[in-house]
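Chemist: okay, predicted coordinates and the sequence, questions at the end:
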Amino acid sequence: MVEIPKTCRAAVLVEYGRPLEIQEVAVPEVERGGILVKVEMAGICGTDVHQQRGELTIKSPLPNIQGHETIGRIVRLGEGRVIDAAGEPLKVGDRIMWAHADCGECYWCQIERDPVLCAKRSGYGWAPPSALRGGFAEYEYVTPKTNVVKVPDELAEEEAVGVGCAFRTAIAGYERFGKVGLMEDFVIQGCGPVGLYSTVVARESGARTVIVVGAPANRLELAKKWGADHVIDIDEYQDAEERRQMILELTHGRGPENVVEASGYPPAVAEGLEMIMKGGKYLILGQTSAATTPIMPSRINEKGLTIVGSVSAHIVHFYRALQFLKAKREKYPFGEIISGTYRLEDINEALANMASAKEIKPAIDNRER
């Protein structure tokens, strides 16, 4: 049996707007159905930046351990935990990923059958240090009610870690979005991780033209590798009306049937309403901050638009995202989304580089060297 330490290092958010602190925290006992993993890789996303700054709409009690997109290698399996959500056998040494834990008892779990909206979700990346439910640590505890899936052996950590937030978000969003017609046009607003994964899903859904609007240039270059036909650099084209005219020229003067907001920038919503075709659909994935922005609601009526909001994901979306990567990994360079890896003690540098867009997606790399 693998020897488990009594404590481990973790990067703890003690005060909003302040650097995370490396602390020694206790490793919990593994209860029946629980899992203890050694963190192999933990991705960093824009939500982590907003969380550290205290900019999210919901603020978790402090202190807490951040990190909600993690690949962990099992070091201890609680009694009774023998298979993953897909029915695959679990053993010590397997790599897994996991969703937030749903209560299974509330109205949204039982009646709506939509556990993403669970009223009593136990999240990862927002819990106190004593719970050890955050990826910015050497170990992480997966609770008995948490659904897990194995990471396919074919996938490197760099290819798979984005499933933990951005890709499962895109998969869940497209599921809510509903059927996409063959040979329809897409505009993806934003070329961060959510925008990049939204791009490749649009490409593989049979889109005619995929246009990505965003910055900086390195992210747009990856968008082209992942299926974008055209990119519009907002650093070069800063006027929203100029961008709209460019998009109209690329979409037969009508605008795109589908727009996906993945930027997280509130004013992008008004821009999306202006560019979308009459009768089109608008999927809003990127908005997490408490900021507000003016829009013209009459655009929704006069164009007959369908607007779909989506947040987070359930374990099925993790599974489907991992299977997508496994099936398409020879076609797209998925590992290139991880633009830099950092040790745990360098977490604040990694967060700063994500905030400045220096990195496409940085990750904390705990793998043995």
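Modeler: Received it, and whenever you're ready, just let me know what you need.
Chemist: hey, where'd the strands end up in the stretch 1-150 of the chain?
Modeler: Using DSSP state E, counting those that start in this stretch, the strands of the stretch 1-150 of the chain run over 7-13, 21-26, 35-43, 64-65, 70-77, 95-98, 139-142, 148-150.
Chemist: how near is M275 to R95?
Modeler: Counting by C-beta to C-beta, to the nearest Å, the gap from M275 to R95 is 41 Å. Where you see a C-beta, it was placed from the backbone N, CA and C, and this is true even at glycine.
Chemist: same question for P216.
Modeler: 32 Å.
Chemist: so between those two, which is more surrounded?
Modeler: R95 (19 against 15; other C-beta atoms under 10 Å).
Chemist: what sits against that one?
Modeler: 40, 71-74, 150-151, 157 (C-beta atoms under 8 Å, 6 or more residues apart in numbering).
Chemist: beta-bridge partners for the closest residue in space to S130 that isn't next to it in sequence, please?
Modeler: Excluding the flanking residues, the one nearest S130 by C-beta to C-beta, 6 or more residues apart in numbering is A26, at 6.6 Å. With DSSP bridges applied, A26 shows beta-bridge pairing to T7.
Chemist: do me a favour and get the end-to-end distance for stretch 181-190?
Modeler: 22 Å (C-alpha to C-alpha, to the nearest Å).
Chemist: mean confidence for that stretch?
Modeler: Mean pLDDT, stretch 181-190: 95.
Chemist: just the buried positions in it, please.
Modeler: Within stretch 181-190, the residues scored as buried using 16 or more other C-beta atoms under 10 Å are 184-190.
Chemist: give me the residues contacting it.
Modeler: Under the contact criterion C-beta under 8 Å, 6+ apart, stretch 181-190 has outside partners 195, 198-199, 202, 206-214, 223, 228, 247, 250-251, 255-265, 268, 271-272, 275-277, 286.
Chemist: hmm, 6 Å instead?
Modeler: 195, 198-199, 202, 206-214, 247, 251, 256-263, 268, 272, 286 (C-beta atoms under 6 Å, 6 or more residues apart in numbering).
Chemist: can you give me the distance of the residue nearest to S130 to E345?
Modeler: 20 Å.
Chemist: in the sheet, who's paired with L13?
Modeler: N64.
Chemist: do I have it right that it meets N64?
Modeler: Yes. Judged on C-beta atoms under 6 Å, L13 makes contact with N64 at a distance of 5.4 Å.
Chemist: chain center to the least confident helix or strand in the chain by mean pLDDT: distance?
Modeler: Within the chain, no helix or strand scores below helix 46-53, which has a mean of 92 by mean pLDDT, DSSP states H and E. Remark: helix 46-53 is offset 13 Å from the chain centroid, using C-alpha atoms, centre = their mean, to the nearest Å.
Chemist: which parts of it are buried?
Modeler: For helix 46-53, by 16+ other C-beta under 10 Å, it's 46-52.
Chemist: can you list those in TSV and add distance to D233?
Modeler: Shown next, in TSV, are the buried residues of helix 46-53 (distance: C-beta to C-beta, whole Å):
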residue	distance to D233
G46	19
T47	24
D48	25
V49	22
H50	24
Q51	28
Q52	28
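Chemist: stretch 54-62: end-to-end distance?
Modeler: Separation of the first and last residues of stretch 54-62 by C-alpha to C-alpha is 11 Å.
Chemist: before we move on, what about stretch 240-258?
Modeler: End-to-end distance (C-alpha to C-alpha), stretch 240-258: 18 Å.
Chemist: likewise for stretch 8-23?
Modeler: Span of stretch 8-23 from end to end, C-alpha to C-alpha: 8 Å.
Chemist: for stretch 119-137, same thing?
Modeler: Length of stretch 119-137, first residue to last, C-alpha to C-alpha: 27 Å.
Chemist: buried sites along that stretch?
Modeler: For stretch 119-137, by 16+ other C-beta under 10 Å, it's 121-129, 131-137.
Chemist: likewise for stretch 168-185?
Modeler: For stretch 168-185, by 16+ other C-beta under 10 Å, it's 168-174, 177, 180, 184-185.
Chemist: return the subset of these lying in helices.
Modeler: 168-174, 177 (DSSP state H).
Chemist: what is the nearest of those to C106?
Modeler: A172 (18.6 Å; C-beta to C-beta).
Chemist: ok, the closest one touching I315?
Modeler: No. Counting by C-beta under 6 Å, A172 stays clear of I315, with 10.7 Å between them.
Chemist: nearest spatial neighbour of G206, skipping sequence neighbours?
Modeler: L182 (4.5 Å).
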